[in-house]
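Asker: build me a model:
(one chain, ligands or ions: 1)
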Amino acid sequence: MQNAFWLAPLSMGTSSILNFTDKLVTANPPFKRVRPGDSNWPSPAQWEQLSASVNGNLIKVESPLAACRQTAEPETCNELFRELKNPYYIGDSPALTQTSGWLNAWQSEPSVYAVHAKSTADISMAIKFAKKYHLRLVVKGGGHSYQGTSNCKDSLMIWTRALNTIEIKDDFVAEGSGQTSKPQHAVTVGAGAIWHQAYDAVTTNAGRYVQGGGCMTVGVSGLILGGGFGSFSKNYGLAAAALLEAEIVTADGDIKIVNAIKYPDLFWALKGGGGGSFGVVTKLTLKTRELPKNFGVLFGKIKANSDSAFKKLIKTFIVFYKEQLFNPHWGEQARFRSDNSLEFTMLSHGMTKAEMQSVWQSFEDQIKSDTENYSFENPLTIAELPARQLWNAAFLKKYAASLVGSDDRPNAPEGNIFWADNKGECGQYLYAYHSAWLPETLLEKPNQVNLTESIFSATRFWECSLHFNKGLAGSPPEEIEAAQNTATNPEVLKAFALVIIAASDQPAFKGIADHEPDIKEGTDASEKIERAMEEMLKAAPGAGSYLNESNFFEKNWQKSFWGSNYSRLAGIKKKYDPEGLFFVHHGVGSEAWSSDGFEKIPV
Ligand SMILES: Cc1cc2nc3c(=O)[nH]c(=O)nc-3n(C[C@H](O)[C@H](O)[C@H](O)COP(=O)(O)OP(=O)(O)OC[C@H]3O[C@@H](n4cnc5c(N)ncnc54)[C@H](O)[C@@H]3O)c2cc1C
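Answerer: Here you go, the predicted structure:
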């Protein structure tokens, strides 16, 4: 202060001196996290200490891409890029992510070190070390973040992959809730488990149901922390709403059990407040439910012969959806394509094949009666299966081999399967990804024309998919009430679907010959998708978006992801992580940091 005063040029008036002084006072260098090469980067001996404190579970991360960058031998790279279409290969590497990058947004980069956590204590040690040495910390579970929030170069990673124990409970009572609380069916899942592991334990082995994600290799933690929808969410609700309790390590390294009684504010924030922002979850206890007798699937694709016939088809489908499918039985997608086709991949819950057929009959008859305008490129195909077999690897490989892919590495567990439909997304490089919740009011008769126009106009730029299971309007009232008690944007409660418009390509990395991102194609796709979403938003102005499946460049992300819940989330973040140890792109409290999370923005 004193110095500042004396240094002020004599010609300045009092107010100038004060301004000058103020500037110097606030001109303290901003807080910066440490990178390798900085003088205060931990020494080898200090890393050794961390390694000892986590029982040797510290890995120096080596990317398999390094070999590819160094060799002139194309076969080395070809083999690697073949592996990048296997989600289990990616998931088993601390250096890789399920999305390889996003044009102009981020590129997958390995951390310097990873703690391959085998216990909650390992995680606590890693957090204390990152805090002490001002490191950029990242947390990775299933590695499926579209936004790239589970990787960062120059960082220390906490990798939860090995924490995948699953425990079925028939009489779970949340800690601290005393004798008043009724024991209930639940499952406690380690933070690093993926959904196929959870479904296998809960459904195939125990004959019950847990609400998780559609994609089998998505991580349990990332999905729950971001809200989470699966094919049957129209019946069972938001996945995060089924969270009964979690164990979490907070920024001070403290291990907490959180539930509706203990730390209820933090517990609420974990239900949709976003992964990587409030601490590291080590296990989650989720409610399980009775399994229905059957699940059903329906596929089909209709081609319209002209623009006007396609518009009519969109309207006919909207009316059919509103009258017959807008209920807890039906989830998944209708894809409206730019070539004037409409493709269905729908899943049903609790219906027989005959019941499904009778629901779709009138729609099918209507289309089939107009051969001048429509043809079925793929006939409507309906099948039912015993609910207990939906995630049973042996059953699927035998009876529905075309629907699943397998981990083809030698000695891979037989149970390592994934939906064949998700293979395209494996290792993908994103050009654009937008989503928006469509309010149920759009299904009302006077608004059906607007919705039709928007969908049709959007498809002139890019195809768009309506995911009916990712909006809760039409769900049982108790599921809507449960979702209301989460941090997810309340818009989801009144949305009948989430529209997703996206484009991606094969896995790509800058600097790897023949596997570089196609910037021209990507820029073109991204511009068209922007236009397509503008058309959709004419029907739903200002619509919010599902944070786990959203645009990296979302402008009003706080409002879009959390709506009226954001200010409460920001308060909880300040309370449990006042120094902002946990940073993710567009996460709660991330406004205080540079875009890479390394530098605090001066206030
Ligand atoms: C192919 C594919 C299919 C998808 N399908 C669906 C779907 O059907 N339904 C749906 O709702 N979503 C779906 N998603 C989106 C998915 O839910 C999110 O990407 C989710 O965040 C992924 O979780 P993860 O653990 O696999 O990813 P990660 O990238 O490991 O983690 C995601 C975020 O959560 C944080 N995180 C992970 N583990 C922890 C932890 N233990 N404690 C604290 N923070 C943690 C990470 O730091 C990161 O910020 C899909 C994504 C992909 C790529």
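Asker: mean confidence score for stretch 460-477?
Answerer: Across stretch 460-477, pLDDT averages out at 98.
Asker: who's in contact with the residue nearest to residue 278 when sequence neighbours are not counted?
Answerer: Nearest-residue entry for residue 278: residue 269, 5.4 Å, with adjacent residues in sequence omitted and distances by Cβ to Cβ, 6 or more residues apart in numbering. C-beta here means a position set from N, CA and C on the backbone, and glycine is covered the same way. Applying Cβ atoms under 8 Å, 6 or more residues apart in numbering to residue 269 gives the contacts 278, 487, 569, 572-573, 588.
Asker: buried ones among those residues?
Answerer: When burial is judged by neighbour count using 16 or more other Cβ atoms under 10 Å, the buried members of the contacts of residue 269 are 278, 487, 569, 572-573, 588.
Asker: pick out the most distant pair among these.
Answerer: Of all pairs drawn from those, the greatest distance, 11.1 Å, lies between 487 and 573 (Cβ to Cβ).
Asker: quick one: pLDDT of the closest residue to the ligand within the stretch 351-500 of the chain?
Answerer: Here the residue of the stretch 351-500 of the chain nearest the ligand is residue 425; by Cβ to the nearest ligand atom that distance is 3.7 Å. The per-residue pLDDT reported for residue 425 equals 95.
Asker: is it in contact with residue 505, as I believe?
Answerer: No. Using Cβ atoms under 8 Å, residue 425 makes no contact with residue 505, being 11.1 Å away.
Asker: how about the secondary structure of the closest residue to the ligand within the stretch 451-600 of the chain?
Answerer: Minimum separation of the stretch 451-600 of the chain from the ligand (Cβ to the nearest ligand atom) falls at residue 548, amounting to 3.9 Å. Going by DSSP: H, G, I helix; E, B strand; the rest coil, the secondary structure assigned to residue 548 is helix.
Asker: what residues are up against the residue nearest to it when sequence neighbours are not counted?
Answerer: Distance criterion Cβ to Cβ, 6+ apart; nearest residue to residue 548, sequence neighbours excluded, is residue 226 at 3.6 Å. Counting by Cβ under 8 Å, 6+ apart, residue 226 touches 240, 272, 274-275, 546-548.
Asker: what about 6 Å?
Answerer: Counting by Cβ atoms under 6 Å, 6 or more residues apart in numbering, residue 226 touches 274-275, 547-548.
Asker: any idea how the protein splits into domains?
Answerer: Residue ranges of the domains in the chain are recorded as 14-162, 166-291, 294-387+420-560, 391-419, according to automatic domain parsing.
Asker: which of those domains sits most buried?
Answerer: Mean neighbour counts were compared across the domains of the chain using mean count of other Cβ atoms under 10 Å; the top stretch is domain 166-291, at a mean of 22.
Asker: straight-line length of that domain, end to end?
Answerer: Across domain 166-291, the straight-line distance between its terminal residues is 18 Å, by Cα to Cα, to the nearest Å.
Asker: what helix or strand does the residue nearest to residue 278 sit in?
Answerer: Under the assignment given by DSSP states H and E, the secondary-structure element containing residue 269 is helix 264-270.
Asker: and that helix, does that touch the ligand?
Answerer: No. Using Cβ under 6 Å from any ligand atom, no contact is recorded between helix 264-270 and the ligand, whose separation bottoms out at 8.4 Å.
Asker: returning to what we had before: out of the domains of the chain, flag the one nearest residue 596.
Answerer: Distances from residue 596 to each of the domains of the chain were compared by Cβ to Cβ, and the smallest falls on domain 14-162, at 7.0 Å.
Asker: chain center to that closest one, what's the gap?
Answerer: Between the centre of domain 14-162 and the centre of its host chain there is 19 Å, according to Cα atoms, centre = their mean, to the nearest Å.
Asker: what does stretch 191-205 give?
Answerer: What separates the centre of stretch 191-205 from the centre of its chain is 17 Å, taken as Cα atoms, centre = their mean.
Asker: kindly report the same for stretch 339-353.
Answerer: Using Cα atoms, centre = their mean, the mean C-alpha position of stretch 339-353 is found 23 Å from that of the whole chain.
Asker: start the count at 412, not 1, going forward
Answerer: Fine by me, first position is 412 from now on; the one you just mentioned is stretch 750-764.
Asker: now that stretch: average pLDDT?
Answerer: Average pLDDT, stretch 750-764: 97.
Asker: contacts for it?
Answerer: Counting by Cβ under 6 Å, 6+ apart, the neighbours of stretch 750-764 from elsewhere in the structure are 642-643, 646, 703, 707-715, 721, 724, 740-747, 767, 793, 795.
Asker: at 7 Å instead, please
Answerer: With Cβ atoms under 7 Å, 6 or more residues apart in numbering as the contact definition, stretch 750-764 has outside contacts at 642-643, 646, 703, 705-715, 718, 721, 724, 728, 740-748, 767, 788, 793-795.
Asker: just the ones of the residues you listed in strands?
Answerer: When the contacts of stretch 750-764 are checked against strands using DSSP state E, the ones located there are 705-715, 741-747, 788, 793-795.
Asker: spatially, which residue comes closest to residue 781, not counting chain neighbours?
Answerer: Across the structure, with Cβ to Cβ, 6+ apart as the measure, the residue nearest residue 781 apart from its sequence neighbours is residue 720 (8.0 Å).
Asker: give me the pLDDT for that neighbour.
Answerer: pLDDT for residue 720: 98.
Asker: for the residue of the stretch 862-1011 of the chain closest to the ligand, give its distance to residue 883.
Answerer: Taken as Cβ to Cβ, to the nearest Å, the spacing of residue 959 relative to residue 883 amounts to 15 Å.
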